[in-house]
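S.K.: okay, predicted coordinates and the sequence, questions at the end:
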Amino acid sequence: MTSSEAPADGIPPRPVVGRLPRYAAGKPPAAVEGLASYKLSSNENPLPPLPAVVEAIARQQDFNRYPDPLSSRLREALAEFLDVPAEDIVTGAGSLGALNQVLATFAGQNDDGKPDEVIYAWRSFEAYPISVGLAGAESVRIPVTADGRHDLAAMAAAVTARTKVILLCTPNNPTGPALAAAETEAFIRSVPSSVVVVIDEAYQEFVRAADAVDGLALYRKYPNVVVLRTFSKAHGLAGLRVGYSVSNPGLTQHLRVAATPFAVSQIAEKAAIVSLQNFPQVVERVQMLVDERTRVAAGLRDLGWTVPDAQGNFVWLALGAESTRFADLAAARALSVRAFPGDGVRVSIGEQEANTRFLQLCADYTKPSGPS
């Protein structure tokens, strides 16, 4: 083989890449004759961006220029909206991009060759193990409780001298429950202040639990807390990839070093700003989805299904070994849902007709008898 020829099976990546799970995005719905197809597999907002946002996007023309690497206008708008200093905000390509910046900054492979540890609940956001592994750190997964909640006591007990970051996903994706304020603060107090605690609030606008945690309240009290939020869900801007973290200067001074330059395009920044300026309309749309979520969850329980407390824009069916079969049945009805084989099925709240069809599927569903 000459120096210009690559091996037939390609160039091997770093060993860690071969050990990582593959991120499986929600599949588009299959076409079924006579039925409108609906995608309920990616926790997307089924509604388009606000009209004012669409108009602002149409007017944008400066794509021959690089965007502001600091997203200064968006950070100023968020600072006023959230009542936090703009210096405490670091933008990223969605909340996942912001998370990757946190991990790149605070968790990875050390000079002695030993990896840091990152603790998170499982099952939780599917990208966590991928992001942790690529950062060079080691995942410590703590199983969720039977009702889909974080086992905070077990997570606290898992902290070691190598623990550098803890991820709290609230509401938890894909199971749905949100963390309570009191339990979260008690947890933060129980772990070393040198451990970065990330409160991932991608679905914060959908939460209606009276006792739910407010990440920003804890960021104001604890210097080791980082809050992640995004414009992908409530604002309907998933395709533009704009999110951010909020943390104290002791953290942001380092996060800016790891931040990906130009991660947020000027079109994404403008869209996010205009959406913030019209936030009352966002709230109205979110409430429509929350009302549908309430209808779906209540309908499932009326049918005898056990559904964890749904505080995001999705519901969770703990179908275990039947997860893939259920997803196939949904596909036959022109519905795409997100199966996690062996664990369960996550179904996003979508259009009213889609939600009604999903409920009908659940009414008709019969689990096979005998061992699964």
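M.R.: Happy to help now that I have it.
S.K.: how is this protein divided into domains?
M.R.: 15-48+280-364, 59-278 (automatic domain parsing).
S.K.: need those domains in a markdown table with mean pLDDT, can you?
M.R.: Listed next are the domains of the chain as a markdown table, based on pLDDT from 0 to 100:
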| stretch | mean pLDDT |
| --- | --- |
| domain 15-48+280-364 | 94 |
| domain 59-278 | 97 |
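S.K.: tell me which of those sits most buried.
M.R.: domain 59-278 (a mean of 19; mean count of other C-beta atoms under 10 Å). Every C-beta, even on glycine, is put in place using the N, C-alpha and C of the backbone.
S.K.: how about the strands in the stretch 101-250 of the chain?
M.R.: Along the stretch 101-250 of the chain, counting by DSSP state E, counting those that start in this stretch, strands occupy 117-122, 138-143, 163-169, 196-200, 225-230, 243-246.
S.K.: tell me the helices and strands packed up against the last one.
M.R.: By that I understand strand 243-246. helix 72-82, strand 89-92, helix 94-106, helix 215-221, strand 225-230 (3 or more C-beta pairs under 8 Å, 6 or more residues apart in numbering; DSSP states H and E).
S.K.: okay if I get the domains of the chain as a markdown table plus distance to Asp9?
M.R.: A markdown table is the format used below for the domains of the chain (distance: least, C-beta to C-beta, whole Å):
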| stretch | distance to Asp9 |
| --- | --- |
| domain 15-48+280-364 | 12 |
| domain 59-278 | 22 |
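S.K.: Glu284 is nearest to which of the helices and strands packed on strand 243-246?
M.R.: Nearest to Glu284, of all the helices and strands packed on strand 243-246, is helix 72-82, at 17.0 Å by C-beta to C-beta.
S.K.: what angle sits between the closest one and strand 225-230?
M.R.: Helix 72-82 runs at 110 degrees relative to strand 225-230, counting by axes from the mean of the first three to the mean of the last three C-alpha atoms, to 10 degrees.
S.K.: which strands and helices sit next to helix 72-82?
M.R.: Counting contacts by 3+ C-beta pairs under 8 Å, 6+ apart, helix 72-82 packs against strand 89-92, strand 243-246, helix 266-277.
S.K.: how about 6 Å then?
M.R.: Based on contacts counted as 3 or more C-beta pairs under 6 Å, 6 or more residues apart in numbering; DSSP states H and E, the elements that helix 72-82 packs against are helix 266-277.
S.K.: ok so, going back, same list, the strands of the stretch 101-250 of the chain, but as JSON lines with distance to Pro15 please.
M.R.: JSON lines is the format used below for these (distance: least, C-beta to C-beta, whole Å):
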{"stretch": "strand 117-122", "distance to Pro15": "18"}
{"stretch": "strand 138-143", "distance to Pro15": "13"}
{"stretch": "strand 163-169", "distance to Pro15": "21"}
{"stretch": "strand 196-200", "distance to Pro15": "26"}
{"stretch": "strand 225-230", "distance to Pro15": "29"}
{"stretch": "strand 243-246", "distance to Pro15": "30"}
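S.K.: for those, which one sits closest to Lys39?
M.R.: strand 225-230 (18.8 Å).
S.K.: helices and strands around the closest one, which ones?
M.R.: Counting by 3+ C-beta pairs under 6 Å, 6+ apart, strand 225-230 packs on helix 94-106, strand 196-200, helix 215-221, strand 243-246.
S.K.: how far off centre is that strand?
M.R.: Centroid separation for strand 225-230 versus its chain: 11 Å, with C-alpha atoms, centre = their mean, to the nearest Å.
S.K.: next helix or strand past the top helix by length along the chain?
M.R.: With secondary structure taken from DSSP state H, the chain has its longest helix at helix 279-302. Toward the C-terminus, helix 279-302 is succeeded by strand 314-317 as the next helix or strand (DSSP states H and E).
S.K.: can you name the next helix or strand after that next one?
M.R.: Toward the C-terminus from strand 314-317 - assigned by DSSP H and E - lies helix 323-332.
S.K.: and that next one, what does it pack onto?
M.R.: strand 335-340, strand 344-348.
S.K.: so can I have a markdown table of the ones you listed showing distance to Arg162?
M.R.: Listed next are the helices and strands packed on helix 323-332 as a markdown table, based on distance: least, C-beta to C-beta, whole Å:
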| stretch | distance to Arg162 |
| --- | --- |
| strand 335-340 | 28 |
| strand 344-348 | 31 |
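S.K.: what's the closest of these to Glu269?
M.R.: Between the helices and strands packed on helix 323-332, strand 344-348 lies closest to Glu269; by C-beta to C-beta that is 26.3 Å.
S.K.: what lines up beside the closest one in the sheet?
M.R.: Strand 344-348 has its sheet partners listed here by DSSP bridges as strand 314-317 (antiparallel), strand 335-340 (antiparallel).
S.K.: distance to Leu134 added to those, as JSON lines?
M.R.: Formatted as JSON lines, the strands paired with strand 344-348 follow (distance: least, C-beta to C-beta, whole Å):
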{"stretch": "strand 314-317", "distance to Leu134": "26"}
{"stretch": "strand 335-340", "distance to Leu134": "21"}
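S.K.: nearest to Leu35, out of the ones you listed?
M.R.: Closest of the strands paired with strand 344-348 to Leu35 is strand 335-340, at 8.8 Å (criterion: C-beta to C-beta).
S.K.: contacts for the closest one next, please.
M.R.: The contact list for strand 335-340 (C-beta atoms under 6 Å, 6 or more residues apart in numbering) reads 26-27, 29, 38-41, 323-324, 327, 330, 345-347.
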